[in-house]
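Engineer: Just a sequence and a predicted model for now, questions to come.
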Amino acid sequence: MIVSHRSEFEDNENMALQFTTSYIDDALAVFRYYKKLSERAMEQLQDAQLFEVLDGEMNSIAIIVKHMAGNMRSRWTDFLTSDGEKPDRNRDTEFTDPPATRAALMELWEQGWNCLFGALEPLSDADLARTITIRGERHSAMQAINRQVAHYSYHCGQIVFLAKHFRSEQWKTLSVPRGKSTDFTKRVVAGELSQR
């Protein structure tokens, strides 16, 4: 069953860009944006489409979600105090046997994001210079956060791409609809919408 859709700009109204000079605050906002973008894409799909692949080299949305959740658990658990590649992580298994239902998949998705937000929300910008490791390689906390912003936005883009492909003509845009850039810009300038 497909979840009912919102109006084309509705979610933008609820996620207004907040001006900040805090790297941590902005990173949290970017993570929340990509989480919501992916969820809005997955909401448009029938359950079976979450598990569909385009060819033998592609991952399904379910596999992408499983991988992201595994990565999030590993990277964000004890973020400042232990290596980001946890000894009990088996990355290769993240690309096989996803949860069998939408509910189980979304539960795994939430668990991963909860690890991220639970680690990042208590930090301050003063923590950005702290040293952490990922697979023994030294990173500043800021570098590690940037690494994950890039990684997750990449996979969220894959989720949106696949969902848009599966929905085809029934796709409800998640960004500025074709032919409506001028209207969108006017509404952002007027403070009615946000670009993020």
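Structural biologist: Yep, that arrived.

Engineer: Am I right that Leu37 is in a helix?
Structural biologist: Yes - according to DSSP: H, G, I helix; E, B strand; the rest coil, Leu37 belongs to a helix.

Engineer: Distance check, it against Glu52.
Structural biologist: Distance from Leu37 to Glu52, counting by C-beta to C-beta, to the nearest Å: 20 Å. From N, CA and C alone the C-beta is placed, and that goes for glycine too.

Engineer: Can you point out the buried residues in stretch 185-196?
Structural biologist: By neighbour count on 16 or more other C-beta atoms under 10 Å, the buried set for stretch 185-196 is Arg187, Val188, Leu193, Ser194.

Engineer: Including secondary structure, could the residues you listed go into JSON lines?
Structural biologist: Formatted as JSON lines, these follow (three-state DSSP):
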{"residue": "Arg187", "secondary structure": "helix"}
{"residue": "Val188", "secondary structure": "helix"}
{"residue": "Leu193", "secondary structure": "coil"}
{"residue": "Ser194", "secondary structure": "coil"}
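
Engineer: any idea which element Ile132 lies in?
Structural biologist: Using DSSP states H and E, Ile132 sits within strand 131-134.

Engineer: buried set for that strand?
Structural biologist: Buried residues in strand 131-134, counted by 16+ other C-beta under 10 Å: Ile132, Ile134.

Engineer: show me where this protein has helices.
Structural biologist: 10-14, 23-43, 61-76, 102-120, 141-167, 181-189 (DSSP state H).
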